[in-house]
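In: have a look; sequence and predicted model below, questions after that.
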Amino acid sequence: MGLSDLPAVRFSLFIVFLLIYLVTLVGNGTILVAIGADSHLHNPMYFFLTNLSLLDIFCPTATVPKMLENLLTDNSVISFAGCVLQLYFLVALAGTEVFLLAVMAYDRYVAICNPLRYTIIMSKRLCLGMAAGTWITGFLNSLLHTVMTFTLPYRKSNRVNQYYCDIPPVLALSSASTYVAEMVVLVVGGIFGTGAFLITLLSYTHIVATILRIRSTEGKQKAFSTCASHLLVVCLFYGSTIFTYIRPSSSHHLDRDRLVSMLYGMITPMLNPLIYSLRNKEVKASLKRMLIHKRR
């Protein structure tokens, strides 16, 4: 059903969302180039940040290009196969990011609470294994929800009340009971989401306790600066995704849900590179070195 039926509004929205999408691609692409080109950033923290930047490129790409086409051409149609793929990749990438943020929290816990053993604990093998685990789990989790969603009968309507295919608005079109599918989302999402959240929470509980034991103010600020960016990203992402998925269908409000889905689907991926580049001295130093090298 898109975002608006008014031509003037559609064109304005097209310009705004195109700019947001381009900023997202350029911002996350710059982070990837900076990390790849600077050997100083070849460590576990930036390896996981590379994965986050990839997710922040892929996630809006699953929905925004089709939305831009709909806004520009007034052709708000998606094929059934396209709807299935869009839902699958969106849920897979969002799930992968949940697990990746938990892994990044654990990385910060080891760096701050066990700095002398950091390189031993966060070995290359462990980092590759954890990164691969987040992607595999995210995509397998999405496969379950996609199968549960699209094996239901759909005879009521084909008008998805959203600007992309997602679980809640697609389930709303089913002519059969969606109770089982909704429970799968709540239970499986609750187990995985709660597990990832607890890892993040416990990691930061230990981090804060360790920082408070540091005597010097400078030491506290330095320790906190290494995890402040990640903590801000966690708050933005968890707040919007929990509001979207971990709720029964009776509490969904379509207009409000659209705004929240834009927050985690478009705004958060755009803000992540800004948060990490503006708050991270090493990334800023790497970008400055890149600019100086290009001028020469």
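Out: Great, that's in hand.
In: and the helices in the stretch 151-296 of the chain, which stretches?
Out: Using DSSP state H, counting those that start in this stretch, the helices of the stretch 151-296 of the chain run over 167-171, 179-213, 217-245, 254-262, 268-279, 281-295.
In: weakest of these in terms of mean pLDDT?
Out: In terms of mean pLDDT, the lowest-scoring of the helices of the stretch 151-296 of the chain is helix 254-262 (a mean of 62).
In: which parts of the stretch 1-150 of the chain are helices?
Out: With DSSP H, counting those that start in this stretch, the ranges of helices along the stretch 1-150 of the chain come out as 7-37, 44-61, 64-73, 80-113, 118-121, 124-150.
In: which helices and strands does the last one pack with?
Out: With contacts defined as 3 or more Cβ pairs under 8 Å, 6 or more residues apart in numbering; DSSP states H and E, the secondary structure elements packing on helix 124-150 are helix 44-61, helix 80-113, helix 167-171, helix 179-213. Using the backbone N, CA and C atoms, a C-beta is placed for each residue, glycine as well.
In: can you redo the ones you listed as a markdown table with distance to Gly27?
Out: Converted to a markdown table, the helices and strands packed on helix 124-150 look like this (distance: least, Cβ to Cβ, whole Å):
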| stretch | distance to Gly27 |
| --- | --- |
| helix 44-61 | 8 |
| helix 80-113 | 16 |
| helix 167-171 | 28 |
| helix 179-213 | 23 |
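In: output those helices as a markdown table; include the columns mean neighbour count.
Out: As requested, the helices and strands packed on helix 124-150 are exported to a markdown table (neighbours: other Cβ atoms under 10 Å):
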| stretch | mean neighbour count |
| --- | --- |
| helix 44-61 | 22 |
| helix 80-113 | 21 |
| helix 167-171 | 22 |
| helix 179-213 | 16 |
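In: can you say which of those is nearest to Leu143?
Out: For these, the distance to Leu143 is smallest for helix 80-113, at 7.1 Å, taking Cβ to Cβ.
In: which elements pack onto that closest one?
Out: Helices and strands touching helix 80-113, by 3+ Cβ pairs under 8 Å, 6+ apart, are helix 44-61, helix 118-121, helix 124-150, helix 167-171, helix 179-213, helix 217-245.
In: now do the longest one against helix 124-150, angle only.
Out: Following axes from the mean of the first three to the mean of the last three Cα atoms, to 10 degrees, one obtains 150 degrees for the angle between helix 179-213 and helix 124-150.
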